[in-house]
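# what follows is a protein structure lacking sequence information:
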């Protein structure tokens, strides 16, 4: 009897190990810290946020083709400036014509990146990515915004990185927990997300009339709203 | 452009906009069709999240005075990871689409 139980326990352990390994290879995830550094007249300041990327291997049952779905979890980077204002690097790129933010992150942290985002996420998760902080190229910067009045979401404006003094934006893998708490800065975030699809809508019927700032959503500040 | 051909292109275009887009398209027009801003139609962040959770996506266009709605159909993609299998597009379609269409009470009550 004991021998049979032992065999069953061994089989169960092996199955758990196999499933665990399967999950590791099919849905690799990693966390990274994004840091924004700003040179101000009063000296350098910075802010950072820890985010997580999970890549999911998918198969299309109709075509048999394989794709990769990518989920980003976390919050925008907030930098407190000496003049009392706060600079935010939101979770969408300033240039909408290039890749999305998770792809830019993987391209930056994985020197072997070849557009297989699941493989790339696995290399980074296994510590085979770039070591130390790596600077983003300016054309791959996230969108930077500030509020004329932080209590008024419609006062959001796009900020030119050079004009505000951004010296660099870096990415670095980390085991730190994903950053939370942005609602303490932006108390209206959830309410605005329930009310409208953008902080500052264009009020035009057509998408072609909306500037990038008119497309900034509450979920660009916190991916976990409404989950 | 032939109207039927344009409608066929717009039917595919729903897969290239919004979350999980197959091809990244950023233009507000497609040929002579104007994309209607979902924000102007009252699609707030919370509704958009509900769409994502259900695996639903739709976009509207104006073309020659007509309003055209294009929406994604069944997505046959499956996640193979045990931890994300239930988030597979086809599982979401089965739970939020087929079961509702089939009149399963629990699924309808969930809407």
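Yes, it's here. The structure displayed is predicted, hence computed values, not measured ones.
# list the contacts for the nearest residue to residue A:73 once chain neighbours are set aside?
Nearest residue to residue A:73 in three dimensions, chain neighbours excluded: residue A:52, at 4.5 Å (Cβ to Cβ, 6 or more residues apart in numbering or on different chains). In this view, the C-beta of every residue, glycine as well, is placed from N, C-alpha and C. By Cβ atoms under 8 Å, 6 or more residues apart in numbering or on different chains, residue A:52 lies in contact with A:29-32, A:72-74, A:178.
# can you tell me the helix or strand for residue A:52?
strand A:43-60 (DSSP states H and E).
# mind checking how far the most centrally placed residue in chain B is from chain A?
Here the mean C-alpha position of chain B is nearest to the C-alpha of residue B:57 (Cα atoms, centre = their mean), at a distance of 1.8 Å. Here residue B:57 is placed at a distance of 14 Å from chain A (Cβ to the nearest Cβ, to the nearest Å).
# you'd agree that residue is up against residue B:16?
No - assessed by Cβ atoms under 8 Å, residue B:57 is found out of contact with residue B:16, at 10.3 Å.
# specify the local secondary structure of residue B:39.
Under DSSP: H, G, I helix; E, B strand; the rest coil, residue B:39 falls in the helix class.
# quick one, helices of chain A?
Assigned helices in chain A, in chain order: A:2-26, A:101-109, A:117-125, A:161-164, A:189-195 (criterion: DSSP state H).
# okay, now the residue of chain A found nearest chain B: neighbour count?
The nearest approach of chain A to chain B comes at residue A:208, 2.8 Å away (Cβ to the nearest Cβ). Neighbour count of residue A:208, defined by other Cβ atoms under 10 Å in any protein chain shown: 12.
# just residue A:189 next, same as before
21.
# returning to what we had before: gap between the residue nearest to the centre of chain B and residue B:38?
Plainly put, residue B:57 is 10 Å away from residue B:38 if you go by Cβ to Cβ, to the nearest Å.
# kindly report the same for residue A:161.
Taking Cβ to Cβ, one finds residue A:161 at 29 Å from residue B:38.
# kindly report the same for residue B:31.
Residue B:31 is 20 Å from residue B:38, by Cβ to Cβ.
# what does residue A:156 give?
19 Å.
# repeat for residue A:42
Counting by Cβ to Cβ - residue A:42 and residue B:38 are separated by 42 Å.
# the more surrounded of the two?
Shown here are residue A:42 and residue B:38; by other Cβ under 10 Å, residue B:38 has more neighbours (21 against 9).
# now do the contacts for the closest residue to that one other than its chain neighbours.
Leaving out its chain neighbours, the residue that sits closest to residue B:38 by Cβ to Cβ, 6+ apart is residue A:197, at 6.1 Å. Neighbour list for residue A:197: A:217, B:38-39, B:42-45, B:47-48 [criterion: Cβ under 8 Å, 6+ apart].
# what of residue A:98?
A:104, A:139-140 are the contacts of residue A:98 under Cβ under 8 Å, 6+ apart.
# ok, these vs residue A:174, which is closest?
residue A:104 (17.4 Å; Cβ to Cβ).
# ignoring the adjacent residues along the chain, who's closest to the closest one?
residue A:140 (4.6 Å).
# what pLDDT is listed against the one you found?
pLDDT, residue A:140: 95.
# what do you get for the one 3 residues further on?
According to the model's per-residue confidence, residue A:143 sits at a pLDDT of 98.
# same deal with residue A:158?
Reported pLDDT for residue A:158: 98.
# neighbours around it, how many?
13.
# give the bridge partners for it, please.
Residue A:158 forms beta bridges with residue A:145, as assigned by DSSP bridges.
# distance of it from residue A:104?
18 Å.
# for residue A:136, same thing?
Residue A:136 is 7 Å from residue A:104, by Cβ to Cβ.
# equivalent analysis for residue A:47, please.
19 Å.
# could you do residue B:17 as well?
20 Å.
# roughly how far is stretch A:114-121 from the heart of the chain?
Chain-centre distance of stretch A:114-121: 16 Å, with Cα atoms, centre = their mean, to the nearest Å.
# contacts for that stretch next, please.
A:26, A:28-30, A:53-57, A:68, A:70, A:102-103, A:106, A:110, A:112-113.
# filter the contacts of residue A:98 down to just the buried residues.
When the contacts of residue A:98 are checked for burial by 16 or more other Cβ atoms under 10 Å in any protein chain shown, the buried set is A:104, A:140.
# now the contacts of residue A:98 in JSON lines, with distance to residue B:87?
Shown next, in JSON lines, are those (distance: Cβ to Cβ, whole Å):
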{"residue": "A:104", "distance to residue B:87": "23"}
{"residue": "A:139", "distance to residue B:87": "32"}
{"residue": "A:140", "distance to residue B:87": "28"}
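# residue most distant from the centroid, chain B?
The outermost residue of chain B relative to its centre, with distances by Cα atoms, centre = their mean, is residue B:82 at 25.3 Å.
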